[in-house]
Structure formats: structure tokens, C-alpha cells
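Enquirer: model the following, please.
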Amino acid sequence: MSRPLTVIDMHTAGEPLRIVTGGYPDLPKGTILEKRAYVRDHLDHLRQILMFEPRGHQDMYGALLVEPDLPGADLAVLFMHNEGYSTMCGHAVIALGRYAVDEGLVEAGGTTTVVKIECPCGMVTAEVAMREGRAAEVSFESVPSFLFARERVLDLQPWGKITFDIAYGGAFYALADARQFGLKFGRDPAHAFVEAADRLTKAAAAAVPLSHPDAEDLAFLYGSILTDGRHAFSAEPTRNVCVFAERQVDRSPTGSGVTARLAAMHARGQIAEGQERLFESIIGTRFAGRAFYSGRAEFTFEADDPLAGGFLVR
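Expert: The predicted structure is shown next:
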């Protein structure tokens, strides 16, 4: 690390996003997945500095803007977290849509500004509503999503038989009703959901081989989403929690996770095209298309600091 790392912090529905604005070296040219592999193999110490304590925390999330490779992309992004690099992130797309307009990365339109964001999973199109010339609500159209495995069953002790689906929404998730684990939103503590979801992720990853039609680099189980079981279409919201990477907890409903849930619901005939479904997070927030700024920082590194490279307690 030869120069400070500069960042802008935002959050969407409570889930943080640390956008890197300076300090990374230039990356070799190539596809977005090749850039992801290069950063993982050669620059992972910078992810740890940004995501880990004392500058970050166990549940910090980040975005590194890189040179686009796909024609028509306005920007390209690599997502990072406590374990590595994910392939899609909806809460980050919402934040980056506003950020791209505010920073002049795209030219603002009249009532709506379109931002084409190249993600490791493919092109994602964000639409930024403009209010009095400023970026406001953001919606996005993700990559093709699908139900991969339906009603698989695992024996997970001490809970017993657990039924789950696996669906893809830019990343693969195991989907399960939290009530199978004896858990209820608003009553049970977050760590109980984390333990159950993490156990499900590890067991499902071992039991169900994954594949993706576009790239093998996309074929890994990113995490598990425990739901309140309200899958059928309703005007009332459905709550879920996403536990991903190394037991990281999403404070938002999870954009790629919501997409995966919608794909599973559609495959089951539980929602039709054009119907709106509301999703709530573990802290009760909903995706309403808004992201907010929370700070700016410059991070430095002293050579004789034994903890400069970052650490995690939990």
C-alpha cells in the first residue's frame, strides 16, 4: 500500500457500502471475471484493510469500480465482503446508481437516468429517478434468474429434516423457512438466525453441485436466506434474512436474494409478471430505492503497525 485508500460510504436500507475512490493500482485489461480473479489473487490485502477492523467490521461491504469490458456499460464494479468477492449485489447497485449520477459518471436525464452497471454476473440496468435535478429513487433490472433446485431435504442436527430450495439471482442462495429451525422474526436474536443459515449453507453446498450456463466462476453457493414462509403473493410484506460469505448478515432485504426469491416464487406460480412484492430485512427495513451517504474517509497504513493489515474478532 503506497498511498492512502480513499472511500465514500453509503447505505441502502441499513446495509453499508464502502465505495473505493482511490488508492488501488490499475488492473490488467480483461473480462470482469478476470479482473475479479486478479484482485482476489494479487490485491486481497487491500480488501482486508478496507473491510476488516479497525477500519471496517465483520459485516462491512465494499465496491471497487473498474474499467468496463462489456459494450454499453457506464461503469463496472467488483463487490467485496468479509470473505472475498461476490458476483452481484442489489443494495450496492441502488447506491451506485445514485453515486454515478451525483459524481457525473453518467449524464443526468430528465425524469429518469439510466445507468448500465457491469457486474461479475453480467449487465445490470439501474434506473435513477430524478427529483429537481437530483438523483432520488433507484430501481434495477438484474440478470436472468432462476430456480435451480426445488424442495431438497437435509438432516441438520439439532433441528432435524430441513427442506430448502436453491435459486439464482446473480448469486446462488439456499432458501428455507425459518420456522423449520424454530425461529421467528422479531422474537429470536440475530445470532440464532446466523447459526442456522450458516449450517444450511455449508450442508447444502456439500450436497448440491451447482452449475451456471454462463460461467463456472458463478457456480458457488453464496449464502442462505431464511424467510418467514410467506411466499405466496400478498400485499403484505414478507421478511427474510440473508447470511452470506463468512457468517455476514445483510441489514437490507438483499437485492440478489430478493431476485432469487422472486425467481423461486415465479417457478412455483406464487407470483405473476408485473405483480409487486414487498420484502423486509431482519431490522425491518424495506427496499424503497433509496441510498444515503454516511461518510468519506482516507485510510492510511503505518509500516510498524502490527494490526495495519486488518483483523476480525468475530
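
Enquirer: all contacts plus neighbour counts: C-alpha atoms, from now on.
Expert: Will do.

Enquirer: excluding chain neighbours, give the residue nearest to residue 113 in space.
Expert: The shortest distance from residue 113 to any non-neighbouring residue, by CA to CA, 6 or more residues apart in numbering, is to residue 128 (5.0 Å).

Enquirer: doesn't that neighbour lie inside a strand?
Expert: Yes: secondary structure of residue 128 (DSSP: H, G, I helix; E, B strand; the rest coil): part of a strand.

Enquirer: is it true that it touches residue 136?
Expert: Yes: using CA atoms under 8 Å, residue 128 makes contact with residue 136 at a distance of 6.5 Å.

Enquirer: these two: which is more packed in?
Expert: More crowded of residue 128 and residue 136, by other CA atoms under 10 Å: residue 128, with 28 against 19.

Enquirer: contacts only, for residue 198.
Expert: Listed by CA atoms under 8 Å, 6 or more residues apart in numbering, the contact set of residue 198 reads 223-224, 243-244, 247.

Enquirer: swap that for residue 74, sorry
Expert: Residue 74 neighbours (CA under 8 Å, 6+ apart): 68, 105-106, 115-118.

Enquirer: quick one, phi/psi of it?
Expert: phi -80, psi -30 (degrees, to the nearest 10).

Enquirer: for it, give its distance to residue 37.
Expert: 21 Å (CA to CA, to the nearest Å).

Enquirer: partners of the closest residue in space to residue 119 that isn't next to it in sequence in the sheet?
Expert: Leaving out its chain neighbours, the residue that sits closest to residue 119 by CA to CA, 6+ apart is residue 77, at 5.6 Å. Per DSSP bridges, the residues bridged to residue 77 are residue 65.

Enquirer: isn't residue 77 right up against residue 69?
Expert: No: counting by CA under 8 Å, residue 69 is not a contact partner of residue 77; they are 10.7 Å apart.

Enquirer: mutual contacts of those two, please.
Expert: residue 118.

Enquirer: the two - which one has more neighbours?
Expert: Comparing residue 77 with residue 69 by other CA under 10 Å, the one with more neighbours is residue 77, at 26 against 16.

Enquirer: so how far is residue 200 from that one?
Expert: 29 Å.

Enquirer: just the helices in the stretch 51-200 of the chain please.
Expert: Secondary structure of the stretch 51-200 of the chain by DSSP state H, counting those that start in this stretch: the helices cover 90-102, 190-207.

Enquirer: to residue 51, which of the ones you listed lies closest?
Expert: helix 90-102 (14.9 Å; CA to CA).

Enquirer: packing partners of that closest one?
Expert: Here helix 90-102 touches strand 5-12, strand 15-22, strand 112-119, strand 122-131, strand 134-141, helix 255-267, strand 291-299, going by 3 or more CA pairs under 8 Å, 6 or more residues apart in numbering; DSSP states H and E.

Enquirer: ok and it relative to strand 134-141, angle-wise?
Expert: 140 degrees (axes from the mean of the first three to the mean of the last three CA atoms, to 10 degrees).

Enquirer: report the buried residues of helix 90-102.
Expert: 90-101 (16 or more other CA atoms under 10 Å).

Enquirer: try stretch 299-309
Expert: 300, 308-309.

Enquirer: neighbours around the nearest residue to residue 153 once chain neighbours are set aside, how many?
Expert: The shortest distance from residue 153 to any non-neighbouring residue, by CA to CA, 6+ apart, is to residue 163 (4.5 Å). Using other CA under 10 Å, the number of residues around residue 163 comes to 16.

Enquirer: for residue 217, same thing?
Expert: Quick note: residue 217 (other CA under 10 Å) scores 15 neighbours.

Enquirer: now do the one 10 residues further on
Expert: Other residues within reach of residue 227 by the criterion other CA under 10 Å amount to 25.

Enquirer: could you do the one 3 residues further on as well?
Expert: Burial measure for residue 230: 13 neighbouring residues, criterion other CA under 10 Å.

Enquirer: tell me if it really is in a strand.
Expert: No: with three-state DSSP as the criterion, residue 230 is coil rather than part of a strand.

Enquirer: quick check: it vs residue 81, distance?
Expert: Per CA to CA, residue 230 is found 29 Å from residue 81.

Enquirer: quick one, phi/psi of residue 187?
Expert: Taking degrees, to the nearest 10 as the convention, residue 187 sits at phi -120, psi -50.

Enquirer: now do the contacts for it.
Expert: Contacts of residue 187 (CA under 8 Å, 6+ apart): none.

Enquirer: same deal with residue 142?
Expert: Contacts of residue 142 by CA under 8 Å, 6+ apart are 123-125, 169-170, 259.

Enquirer: residue ranges with poor pLDDT in the stretch 51-200 of the chain?
Expert: Across the stretch 51-200 of the chain, nothing is flagged by pLDDT under 70.

Enquirer: let's see that with 90 instead.
Expert: Applying pLDDT under 90 to the stretch 51-200 of the chain flags the ranges 109-110, 132-133.
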